[in-house]
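A.B. asks: Fold the following.
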Amino acid sequence: MRTVDAAGLQIGDDHPPRIMGVLNVSEESPYDPSVFDEPDEAARYVDEDLIGEGADIVDVGLESANKKFEVLSADQELDRLDTAVETLRSTSGDAVWSIETRYHEVAEAALDAGFDMVNDICGFADPEMTTVCAEYDVAVSKMASPPDLERPGAIDDVDDIYAALEQNGFTEKTILDPAFGGWSETKTIEDDRETFRRLREFRAYGRPLLVSINRKNFLRDIAGRDTEAALPVSLAATSMAVERGAHVIRTHDVAETRDAALVGHEFTPERANGSGFEALDVTTDRELARHLGRTVDDAPEPSVLPHAVAFGLPSGPAAYLGEQARTVGLETYHGDRLVVVGTADGFKTLRTAIEDDADAPQRASEAITELSAQFGGV
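C.D. replies: The predicted model follows:
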């Protein structure tokens, strides 16, 4: 899992969850507490209710992405950008500033004016967006969407999210957003729930994840709450999302969401280690297949097994480790990294075998020792 540097803010497995607070300068946005059209009022809100409550990132929306409203053109978004820029320059708090847009022209203008990051809700449907973000060397959140600037997030089938995230490629600093919410007429509450159940699966691209689940319908429906009363279910889901691998939580409720995210982070097992391995979040055969697809060419269909570890070791220790793993009955897959899959007992047997081998390469021994210490006594 790579770490993305967003204007000095590190985002990834080795860092705490980051909170993205929302500011809207669009009069049609549905959540009134975050909507402002005067820079001074907006700046006060950012300093007190976003940065002051613990937001690491301020995400500024120029228009509502609600499908009920007509899509603004790039020129119309640019007309609203002045308010966002004046707000940025009027705040005193320290945060990464993100511009939410689907147009590369707007992203470029915002970056020139001092913004640090882009939140592309159309998933690089504008093919020039990747060029702009790469040239400015900025982090960019890419939401799963069809290749259509007028249909942000309108993925009708959960199975299509993975391909949508991949369209038009990535930059070196891309963060992925699987697109929760009612972005299309055909998307159902159950679709969002299935996406949430499969959140670990989207880690297989090896890139940080952003989730926007604050007060969403698929959570409100569980408890029978309206938007105003939906904060508790949002917080419960936030902790679960972080434990399942989310790195950035986008929210209107910064202080409460920060606390929930930190609880999830506290109980998340460490996934990576300097000794050369990454514990993969694998709970289903589909998740394992996704990870194998990232690291191994032409991998066979895997069996469901509870533990999977990708070892980023030099070729010598990796070859030795793979041989020893097969000897004790673990499955191995070779690509740019060695992936070892098996039960907890199998990994314990592997550890014993390596510890008893006087000729074991030191890197392999260190990796197994650290694995044992950090992943539940394996």
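
A.B. asks: so who does His15 touch?
C.D. replies: Taking C-beta atoms under 8 Å, 6 or more residues apart in numbering as the criterion, His15 is in contact with 3, 247. Using the backbone N, CA and C atoms, a C-beta is placed for each residue, glycine as well.

A.B. asks: From Pro208, how far out is it?
C.D. replies: Using C-beta to C-beta, to the nearest Å, one gets 9 Å for the distance from His15 to Pro208.

A.B. asks: list the residues that contact both of those two?
C.D. replies: Listed as contacting both His15 and Pro208 by C-beta under 8 Å, 6+ apart are 3, 247.

A.B. asks: Can you pull the domain assignment for the chain?
C.D. replies: Listed domain ranges for the chain are 4-266, 272-374 (source: automatic domain parsing).

A.B. asks: mean pLDDT lowest for which of those domains?
C.D. replies: For these, mean pLDDT drops lowest on domain 272-374, to a mean of 81.

A.B. asks: Would you point to the one among the domains of the chain that's packed deepest?
C.D. replies: Per residue and on average, the most neighbours among the domains of the chain fall to domain 4-266, with a mean of 20 (mean count of other C-beta atoms under 10 Å).

A.B. asks: how long is that domain end to end?
C.D. replies: Using C-alpha to C-alpha, to the nearest Å, the gap from the first to the last residue of domain 4-266 comes to 21 Å.

A.B. asks: Please apply the same query to stretch 118-130.
C.D. replies: Here the two ends of stretch 118-130 are set 10 Å apart, with distance taken as C-alpha to C-alpha.

A.B. asks: Any chance you could list what contacts it?
C.D. replies: Applying C-beta under 8 Å, 6+ apart, the set of residues contacting stretch 118-130 is 59, 65, 98-104, 107, 110-111, 132-133, 138-149, 151-153, 164-165, 167-171.

A.B. asks: Which members of the residues you listed occur in strands, if any?
C.D. replies: Where these overlap with strands, as defined by DSSP state E, the overlap consists of 59, 98-101, 139-143.

A.B. asks: Check which helices and strands the helix ranked longest in the chain sits against.
C.D. replies: Ordering each helix of the chain by length in residues (DSSP state H) puts helix 74-90 first. In this structure, helix 74-90 makes packing contacts with helix 39-45, strand 57-61, strand 96-101, helix 104-112, judged by 3 or more C-beta pairs under 8 Å, 6 or more residues apart in numbering; DSSP states H and E.

A.B. asks: what do you get if the cut-off is 6 Å, keeping everything else the same?
C.D. replies: Counting contacts by 3 or more C-beta pairs under 6 Å, 6 or more residues apart in numbering; DSSP states H and E, helix 74-90 is packed against helix 39-45, helix 104-112.

A.B. asks: Mind putting those helices into JSON lines with distance to Val282?
C.D. replies: Below are those laid out as JSON lines (distance: least, C-beta to C-beta, whole Å):
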{"stretch": "helix 39-45", "distance to Val282": "42"}
{"stretch": "helix 104-112", "distance to Val282": "36"}
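
A.B. asks: centroid residue for this structure?
C.D. replies: Residue closest to the average C-alpha location in the chain (C-alpha atoms, centre = their mean): Leu209, at 0.5 Å.

A.B. asks: any idea what sits nearest Ser184, other than its immediate chain neighbours?
C.D. replies: The shortest distance from Ser184 to any residue that is not its chain neighbour, by C-beta to C-beta, 6 or more residues apart in numbering, is 3.7 Å, and that residue is Ala154.

A.B. asks: Now for that neighbour: which residues touch it?
C.D. replies: Taking C-beta atoms under 6 Å, 6 or more residues apart in numbering as the contact definition, Ala154 lies against 146, 183-184.

A.B. asks: wait, Gly346 sits on Thr327?
C.D. replies: No. The pair Gly346 / Thr327 is not scored as a contact, 10.9 Å apart, by C-beta atoms under 6 Å.

A.B. asks: Please name the nearest non-neighbouring residue to the residue nearest to the centre of the chain.
C.D. replies: Ala246 (4.9 Å).

A.B. asks: Tell me the secondary structure of that neighbour, please.
C.D. replies: Per DSSP: H, G, I helix; E, B strand; the rest coil, the local secondary structure of Ala246 is coil.

A.B. asks: Would you mind measuring from it to Ala364?
C.D. replies: From Ala246 across to Ala364, the span is 32 Å (C-beta to C-beta).

A.B. asks: And Gln167, by the same measure?
C.D. replies: Gln167 sits 39 Å away from Ala364, taking C-beta to C-beta as the criterion.
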